[in-house]
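> sequence first, predicted model second:
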Number of protein chains: 2
Amino acid sequence: MNTVTGTGTGVSAAELEGRLRALGEERYHHRHPFNLRMHAGELSKEELRRWVLNRFHYQRHIPVKDALILARLGSSDLRRSWIRRVHDHDGAPDGDGTDGGIERWLRLGEAVGLDRALLLSGKGVLPGVRLAVEGYVNFCRNASILEAVASSLTELFAPDLMATRIAAWEQHYPWVEREGLRYFQVRVGQGRRDSEEALRLVQAWARTPEDRERVLAAFAFKCDLLWSLLDAVEHADGQGRRGTFDAV
Amino acid sequence: MNTVTGTGTGVSAAELEGRLRALGEERYHHRHPFNLRMHAGELSKEELRRWVLNRFHYQRHIPVKDALILARLGSSDLRRSWIRRVHDHDGAPDGDGTDGGIERWLRLGEAVGLDRALLLSGKGVLPGVRLAVEGYVNFCRNASILEAVASSLTELFAPDLMATRIAAWEQHYPWVEREGLRYFQVRVGQGRRDSEEALRLVQAWARTPEDRERVLAAFAFKCDLLWSLLDAVEHADGQGRRGTFDAV
């Protein structure tokens, strides 16, 4: 592990990674009640569909926040690496998009019985989900580039969550077409690669204890945002509002 | 030619293109005195180097403004097409950048006798050039997406300018290594493709006479910005300031 030292106040790269992992263990949404119920097989069809529809609003904004980060990276070298994230979701340039994560999520929607036109329309997306996604995009636009990249580090935890999810869906939701799980399968490898890249950048850029605290705060913000998105999905019923999926 | 009609007040795609071409004929920087002197073989070595160094500041910000536009395009289809522009300048993902326009411009710098480290350092970039480039990037960040895309339409005129430039440099500046002209050669094809794409988008999006006027104003703004950049390069001498190239 390299250690980057600033003006006499060193920030250990290994310590930073350790603190990120400890924080994620506590605050990443793998502990959210909705995810726990999902993976225990306790969600109704309607709840699962509501999650797929609302989470699509997040998915379709990933290339947007990555393009905003791209615009702020100061060299061709950094951009050539980061730009893969946009391709991962939109598909390769001049292709038809079927190799992209957004298309795979649309197929996930079809696998749970939601028409792609419905997902693309944005109808039924909950206000709390819209606010969480807007908050994330604006954070990547306005915070420092160190913080914007640090906010992507929840990907450190994504591969394990995806593996848990694939197994749980195969076991508990046999009515979901298997092809629909392809998004989760592909993200295991992409999440590993992306989080390693982002961690290296953040470790190289965080030169003071203040930087380190900014990284941890950005990471916590992102954990809370993912948590808040699931809160909105979980509590869509019984609040005097019609549920997402009913509303469309 | 397709005609897009809005609420009873049609905007003809052909008319819009005609007005853009007429405006560019008048205001694009192919008429700027500095470009006229460049193509007539009247620039000194120092002037040519000053232009290459200062224009590099513009070049290195092209992928930045294109990433900002990318972040504002509302679908994977549009982004998959626009993202090629970032690759054209930075090079293909996971490559070494030698296939990108920024690298080709660094080689142009070497061909006129400027070290790449000097260009990359940003030293000697004139204040007027910095302001022009910042103005362009902020325009692509803040104006409407219609206007941001319209501002790229100066590319309609770039292929002819590049062809004139290549011939002029081969004739008048034999001291420049031929390999250095590669940037201009590649841009002929890229500029044609990019301007056709942008023109189609603008024609599809401009639905009212007000939209059409916004497109023309954005295009004029961009012409003036390119003009202003050359003004700064041309007048760097004799203003009680040291010239760019002397200053480094």
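Cool, got the structure.

> please make it C-alpha for all contacts and neighbour counts, starting now.
Fine.

> give me the number of residues near A:Phe184?
Using other Cα atoms under 10 Å in any protein chain shown, A:Phe184 has 21 neighbouring residues.

> tell me which other helices or strands the particular helix or strand that has it in it touches.
For A:Phe184, the element it lies in under DSSP states H and E is helix A:182-205. Counting contacts by 3 or more Cα pairs under 8 Å, 6 or more residues apart in numbering or on different chains; DSSP states H and E, helix A:182-205 is packed against helix A:13-27, helix A:101-111, helix A:145-150, helix A:158-172.

> list the buried residues in that helix.
The neighbour-count check on helix A:182-205 (16 or more other Cα atoms under 10 Å in any protein chain shown) flags A:183-184, A:186-188, A:190-192, A:194-195, A:198-199, A:202-205 as buried.

> give the rounded mean pLDDT of that helix.
Averaged over helix A:182-205, pLDDT sits at 97.

> need the residues that contact that helix.
A:4, A:13, A:16-17, A:85, A:101, A:104-105, A:108, A:146, A:149-150, A:152-156, A:158-160, A:162-163, A:165-166, A:215 (Cα atoms under 8 Å, 6 or more residues apart in numbering or on different chains).

> mind naming the longest helix for chain A?
Using DSSP state H, we find that the single longest helix of chain A is helix A:209-234.

> could you pull out the buried residues of that helix?
Buried-residue list, helix A:209-234, by 16+ other Cα under 10 Å: A:209, A:211-212, A:214-234.

> flag the shaky bits of chain A, pLDDT-wise.
A:1-10, A:238-248 (pLDDT under 70).

> that one against chain B: which residues are in contact?
Within chain A, the residues that sit near chain B (Cα under 8 Å from any Cα of the partner chain) are A:63-68, A:70-72, A:76-77, A:79-81, A:83-84, A:87, A:90-97, A:102.

> one more time with 6 Å
For chain A, the contact set with chain B under Cα under 6 Å from any Cα of the partner chain comprises A:Val64, A:Ala67, A:Leu68, A:Ala71, A:Ser76, A:Arg80, A:Ser81, A:Asp90, A:Pro93, A:Asp94.

> now do the SS call for the nearest residue to A:Leu225 once chain neighbours are set aside.
Counting by Cα to Cα, 6 or more residues apart in numbering or on different chains, A:Ala132 is the residue found nearest to A:Leu225 once chain neighbours are left out, at 5.6 Å. Look at A:Ala132: counting by DSSP: H, G, I helix; E, B strand; the rest coil, its state is helix.

> relative to chain B, how far out is A:Ala132?
As for A:Ala132, its distance to chain B is 18 Å (criterion: Cα to the nearest Cα, to the nearest Å).

> same check on A:Val52?
19 Å.

> so what's that residue closest to, chain neighbours aside?
Nearest to A:Val52 is A:Gly109, by Cα to Cα, 6+ apart, at 6.3 Å.

> rewinding a little: show the buried residues in the contacts of helix A:182-205.
A:4, A:13, A:16-17, A:85, A:101, A:104-105, A:108, A:146, A:149-150, A:152-156, A:158-159, A:162, A:165-166, A:215.

> closest to chain B among the buried residues of helix A:182-205?
Chain B lies nearest to A:Asp194 out of the buried residues of helix A:182-205, by Cα to the nearest Cα, at 13.2 Å.

> mind checking how far the helix holding A:Phe184 is from the chain centre?
11 Å (Cα atoms, centre = their mean, to the nearest Å).

> equivalent analysis for stretch A:55-62, please.
With Cα atoms, centre = their mean, you get 8 Å for stretch A:55-62.

> next, the buried residues of that stretch.
For stretch A:55-62, by 16+ other Cα under 10 Å, it's A:Arg55, A:Phe56, A:His57, A:Tyr58, A:Gln59, A:Arg60, A:His61, A:Ile62.

> where does the last one fall, phi/psi-wise?
Listed backbone geometry of A:Ile62 is phi -60, psi -50, with angles given as degrees, to the nearest 10.

> before we move on, what about the third one?
Backbone geometry at A:His57, expressed as degrees, to the nearest 10, gives phi -60, psi -40.

> and the gap between it and A:Lys45?
Distance of A:His57 to A:Lys45, computed by Cα to Cα, to the nearest Å: 19 Å.

> and A:Gly24, how many neighbours does it have?
21.

> check contacts around it.
Applying Cα atoms under 6 Å, 6 or more residues apart in numbering or on different chains to A:Gly24 gives no contacts.

> could you turn the buried ones of the residues of chain A next to chain B into a ChimeraX selection?
One line in ChimeraX is enough to select the buried members of the residues of chain A next to chain B, burial here meaning 16+ other Cα under 10 Å:
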select /A:64,67,68,71,76,80,81,90,93
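
> secondary structure for the residues of chain A next to chain B - can I get that in TSV?
Shown next, in TSV, are those (three-state DSSP):
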residue	secondary structure
A:Val64	helix
A:Ala67	helix
A:Leu68	helix
A:Ala71	helix
A:Ser76	helix
A:Arg80	helix
A:Ser81	helix
A:Asp90	helix
A:Pro93	coil
A:Asp94	coil
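
> now the residues of chain A next to chain B as a markdown table including distance to A:Val176?
Listed next are these as a markdown table, based on distance: Cα to Cα, whole Å:
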| residue | distance to A:Val176 |
| --- | --- |
| A:Val64 | 29 |
| A:Ala67 | 32 |
| A:Leu68 | 34 |
| A:Ala71 | 38 |
| A:Ser76 | 42 |
| A:Arg80 | 37 |
| A:Ser81 | 35 |
| A:Asp90 | 24 |
| A:Pro93 | 31 |
| A:Asp94 | 31 |
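
> mind checking the SS state of A:Asp237?
coil.

> what count of nearby residues applies to it?
By other Cα under 10 Å, 14 other residues sit near A:Asp237.

> now A:Val11, what's its secondary structure?
Following three-state DSSP, we place A:Val11 in the strand state.

> how much space between it and A:Thr154?
21 Å.

> how about A:Leu216, nearest residue that isn't a chain neighbour?
Excluding the flanking residues, the one nearest A:Leu216 by Cα to Cα, 6+ apart is A:Leu20, at 6.5 Å.

> actually A:Arg72, sorry about that
Spatial nearest neighbour of A:Arg72, excluding adjacent residues (Cα to Cα, 6+ apart): A:Ile145 at 6.7 Å.

> quick one: residues in contact with stretch A:215-235.
A:Arg27, A:Tyr28, A:His29, A:Gly128, A:Val129, A:Ala132, A:Glu147, A:Ala150, A:Ser151.

> quick check, nearest of the residues you listed to A:Gly113?
Of all these, A:Val129 has the smallest distance to A:Gly113: 20.9 Å, by Cα to Cα.

> could you measure from that closest one over to chain B?
Counting by Cα to the nearest Cα, the gap from A:Val129 to chain B is 18 Å.

> again with A:Ala143
15 Å.

> cool, A:Leu156 as well?
21 Å.

> could you do A:Phe219 as well?
22 Å.

> if we can go back for a sec, neighbours of the residue nearest to A:Val52, how many?
A:Gly109 has 24 neighbours, counted by other Cα under 10 Å.

> what's the answer for the one 10 residues further on, then?
For A:Leu119, the number of neighbouring residues by other Cα under 10 Å comes to 22.

> confirm it sits in a strand?
No. Under three-state DSSP, A:Leu119 sits outside any strand and is assigned helix.

> okay, now the nearest residue to it once chain neighbours are set aside: neighbour count?
The spatial neighbour of A:Leu119 that comes closest, neighbours along the chain excluded (Cα to Cα, 6+ apart), is A:Leu53 at 6.0 Å. Residues near A:Leu53, counting by other Cα under 10 Å, number 30.
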